[in-house]
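Asks: Following is a predicted model, sequence given first.
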Amino acid sequence: MAAPTTEAVPDRRVPVQVAALGYRDYRWFWVASVVSNTGSMMHMAALNWVVADLHGVTTATFVAGIGLIPMLVSSPIGGAIADRYERRLVFLWAVVLQMLTAAALALAYEAGWTSVGTCVALAVIGGFTGSIGAPVQQAIITDLVPVAAMRNASVLNSTQFTVSRSLGPTLAGVLIGPLGAGTVFWANTVSFAVLIVGLNRMERRPPPSRPSDAEGYVAAFRSGCRYTLGNAGLRVTLLAGFIVALVSSPLQLNGQVIAKEAFDAGPTAFGLLVGAFGYGSLVSALGVLAVDRGWTHRGLVLTGFPLVAAGRFGLSVSPVVALGIVANAVVGIAFMILMSTILSATHALCDDEYRGRVMSVWMLLWGVAAPIGIAVTGLAEVIGIRWILAGFAVLLAGLTLLARARGSF
């Protein structure tokens, strides 16, 4: 297995709780990713709001879900490429494609091309370009820090997504009213440029020990699946990730349905409601970083699942949006505990030459679970969004009890 090339001596002035930031290239990657992912979350919130406002919540649900379908096709390709070529360079080209897609959406919106067909087409294209880079973005962190800092880097990587979930929807909600959604779409385009600059400041590294060039990408992905399924620990972490995706994706990707159907909220309240998920996650991230060395993966996972259930149930019974914001923050706290822990465990269990393909299996499972969760939420006009949220809470509580009884985690 090819060892990653990293700086021999990190910056000792960096606190131990964020030790991975002491490595220059990881620091560049982390900061640029915060900016880029914030732009992406702004874009996602604004697009969902625009489609719901123009075409209704059912159509918005459809657009949000269909944007995830390309993940089923392109993330396996991205994972195989990540194990074959230099990950920084692969990710760089994926980001360039995402930037071009974001610019196309901004231009289409400014030109008034907001039909359902246009929104669906751009959502599919954006889903394809984004899911090519997603497994690479997860796999690349092992190239930037040594093994000793890997767990801290995994937690910090989840934290930067958390910061983005905090800022993105809130900023989108604030900007849509006075400046329009077009401003949000252009801001997302610029954020990708920041990530491109960050990736270009990082040192080049050799590719991992890779599959034979004669092995096609489909065969490489299949070998990655066999490796993943043959590892009992990875089976458990990926199952946990699937459950988290199923119950949390509607809050992140379809929050406009909850805001409109449960609270009749406007764009600012919508931004605060969805953003509360991220702010709760940010608070949780700071706690996870503080106790990271003292808690087991099992303990953190079995703490996170009941918290998600409690937050979802609280959201289902909240009479006013202010209480809904608090409940969604609780879900965000639990989500951060779960995601940082599950990803850290997955990286620890994975050999580097298979890392890209294991991450693509991870993304593939999200690509299956998230549309299911979103589709169920889309039944809000028939069943009622509060009943759906309560149902998710009961399901997750039952799965938690089963996992405890069976010792699954």
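Replies: Done, it's in. Residues are numbered from 1 along each chain as shown.

Asks: Would you agree residue 35 is in contact with residue 193?
Replies: No: assessed by C-beta atoms under 8 Å, residue 35 is found out of contact with residue 193, at 9.3 Å. Bear in mind the C-beta positions are built from the backbone N, C-alpha and C, glycine included.

Asks: Pick out whichever of the two has more residues nearby.
Replies: Between residue 35 and residue 193, residue 35 has the larger neighbour count (other C-beta atoms under 10 Å), namely 21 against 17.

Asks: Any figure for the gap between that one and residue 153?
Replies: Residue 35 sits at a distance of 18 Å from residue 153 (criterion: C-beta to C-beta, to the nearest Å).

Asks: Mind checking the pLDDT average for stretch 26-43?
Replies: The average pLDDT for stretch 26-43 rounds to 87.

Asks: Send me that stretch as CSV with only the CA atoms.
Replies: As requested, the backbone C-alpha atoms of stretch 26-43 are provided in CSV (Å, rounded to 0.1, in the frame of the first residue of the first chain):
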residue,chain,number,x,y,z
TYR,A,26,-4.9,19.9,4.8
ARG,A,27,-5.4,23.4,6.0
TRP,A,28,-5.7,24.7,2.5
PHE,A,29,-8.2,22.0,1.6
TRP,A,30,-10.3,22.5,4.7
VAL,A,31,-10.6,26.3,4.4
ALA,A,32,-11.4,26.2,0.7
SER,A,33,-13.9,23.4,1.2
VAL,A,34,-15.8,25.5,3.9
VAL,A,35,-16.2,28.3,1.3
SER,A,36,-17.2,26.0,-1.5
ASN,A,37,-19.6,23.8,0.4
THR,A,38,-21.2,26.9,1.9
GLY,A,39,-21.9,28.1,-1.6
SER,A,40,-23.3,24.7,-2.5
MET,A,41,-25.6,24.7,0.4
MET,A,42,-26.7,28.2,-0.5
HIS,A,43,-27.4,27.0,-4.0
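
Asks: which parts of that stretch are buried?
Replies: 26-30, 32-43 (16 or more other C-beta atoms under 10 Å).

Asks: Could you pull up phi and psi at residue 85?
Replies: Note on residue 85: its backbone torsions stand at phi -130, psi 170 [degrees, to the nearest 10].

Asks: surely it meets residue 207?
Replies: Yes: between residue 85 and residue 207 there is a contact under C-beta under 8 Å: 5.2 Å.

Asks: how distant is the longest helix along the chain from the center of its chain?
Replies: In terms of residue count, the longest helix belonging to the chain (DSSP state H) is helix 24-55. Between the mean C-alpha location of helix 24-55 and the chain-wide mean there is a distance of 10 Å, by C-alpha atoms, centre = their mean, to the nearest Å.

Asks: what packs against it?
Replies: Contact here means 3 or more C-beta pairs under 8 Å, 6 or more residues apart in numbering; DSSP states H and E; on that basis helix 24-55 packs against helix 57-66, helix 87-110, helix 116-139, helix 150-179, helix 181-200, helix 232-253, helix 255-263, helix 267-291.

Asks: Beyond the last one, next helix or strand please.
Replies: Which is helix 267-291. For helix 267-291, the following helix or strand on the C-terminal side (DSSP states H and E) is helix 297-317.

Asks: got the buried residues for that next one?
Replies: When burial is assessed from 16+ other C-beta under 10 Å, helix 297-317 yields the following buried residues: 297, 300-302, 304-305, 307-316.

Asks: next one: stretch 187-200
Replies: The neighbour-count check on stretch 187-200 (16+ other C-beta under 10 Å) flags 187, 188, 189, 191, 192, 193, 194, 195, 196, 198, 199 as buried.

Asks: Would you check that the third one makes contact with residue 103?
Replies: Put plainly, it is residue 189. Yes: the criterion here is C-beta under 8 Å, and residue 189 meets it with residue 103 at 4.7 Å.
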